[in-house]
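Enquirer: the sequence isn't on hand, but the structure is:
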């Protein structure tokens, strides 16, 4: 028995599949007959990612630019499918080294652990490029929740602390964040997890999307600042509201210039340029905050692979142009 939500999701997938099929005409093996200058993109996406990413506007624009999306059948050998010019989310490289794979699974795995995902940013120590970029102080707890208060004291972390699951596996639970206001409540947490110092940032977070060489920045509302007086009146652990949804957009909000101003472009370009080879990824985003009361002190608090590009303004044009950048190498 299926729930209504599951039925709606299946119907949506069927609509997407019909739209994809309508842009091609089938050959004997079930793949589109393409001209040599066209680009065939094979994809293996979760139903949720497929629904948010393969929107009709993207599909239509891609078709007009000669880009064709084809679902990879996970029940058939990859060697029997394609040949693809670009593959989204599938390790196709071993047997087909000439194909562009976005992105290598071992590199993606690096972002599935919150202990390792920010290490490359910490190693950069960007401090001379129109601003300073770092990561908040954090502590990894693998087991024994009763030891957390002692470990926090030992590390010298200051409350409140953002509590994040250590593993990012795409599940709802892996994105459940909490704020811990006092040391006694820390013993109630369930490891493995990461404890990250909360940095006052004026209630605004910057989502920095990376698509190859392209950088796009949007503002999202976040948690307000905390004063010492307020912290003295609060205790316990409380859910941390998510700020990734488009409904949390602060792009059109009337904000103080010191809070609303985007991070310097040159700083973001430098950060992205350094991180791409270190991460081995071309499709990711960073959640960045500005320390309140400063203009040029920033912290990267999360990095996500293949984020919700459907929430990024003008993503259809940006992503299709990105895919077309591979067409040139195909013709060489």
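Expert: Right, received. Where do you want to start? Values in this document were obtained by computation on a predicted structure and should not be read as measured data. Numbers count the residues shown, from 1 in each chain.

Enquirer: run through the residues that contact the nearest residue to residue 155 once chain neighbours are set aside.
Expert: Leaving aside its chain neighbours, residue 155 sits nearest to residue 139 (4.9 Å; criterion: C-beta to C-beta, 6 or more residues apart in numbering). The C-beta positions use only the backbone N, C-alpha and C, and glycine is treated the same way. Neighbouring residues of residue 139 by C-beta atoms under 8 Å, 6 or more residues apart in numbering: 151-152, 155, 157, 194-195.

Enquirer: go again using 7 Å as the cut-off
Expert: Counting by C-beta atoms under 7 Å, 6 or more residues apart in numbering, residue 139 touches 151-152, 155, 157, 195.

Enquirer: for these, which one is nearest residue 169?
Expert: Distance ranking of the contacts of residue 139 against residue 169, using C-beta to C-beta, places residue 195 first at 19.4 Å.

Enquirer: any low-confidence regions in the stretch 51-200 of the chain?
Expert: For the stretch 51-200 of the chain, the stretches with pLDDT under 70 are 89-99, 125, 127-128.

Enquirer: residue boundaries of the strands in it?
Expert: Along the stretch 51-200 of the chain, counting by DSSP state E, counting those that start in this stretch, strands occupy 67-71, 86-88, 100-102, 132-134, 138-141, 161-165, 177-180, 193-197.

Enquirer: distance to residue 309 added to those, as CSV?
Expert: As requested, the strands of the stretch 51-200 of the chain are arranged in CSV below (distance: least, C-beta to C-beta, whole Å):
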stretch, distance to residue 309
strand 67-71, 14
strand 86-88, 11
strand 100-102, 12
strand 132-134, 23
strand 138-141, 27
strand 161-165, 23
strand 177-180, 22
strand 193-197, 25
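
Enquirer: how much space between residue 285 and residue 306?
Expert: Going from residue 285 to residue 306 by C-beta to C-beta, to the nearest Å gives 9 Å.

Enquirer: which one's more surrounded, these two?
Expert: Neighbour count, other C-beta atoms under 10 Å: between residue 285 and residue 306, residue 285 has more, with 26 against 19.

Enquirer: out of everything not next to it in sequence, what's closest to that one?
Expert: residue 307 (4.2 Å).

Enquirer: the one you found in helix, strand or coil?
Expert: coil (DSSP: H, G, I helix; E, B strand; the rest coil).

Enquirer: for it, what are its contacts?
Expert: 209, 284-285.

Enquirer: about what we covered before: which of the strands of the stretch 51-200 of the chain sits closest to residue 256?
Expert: strand 132-134 (20.8 Å).

Enquirer: still on that earlier bit, what does the pLDDT read for the residue nearest to residue 285?
Expert: Looking at residue 307, its pLDDT is 88.
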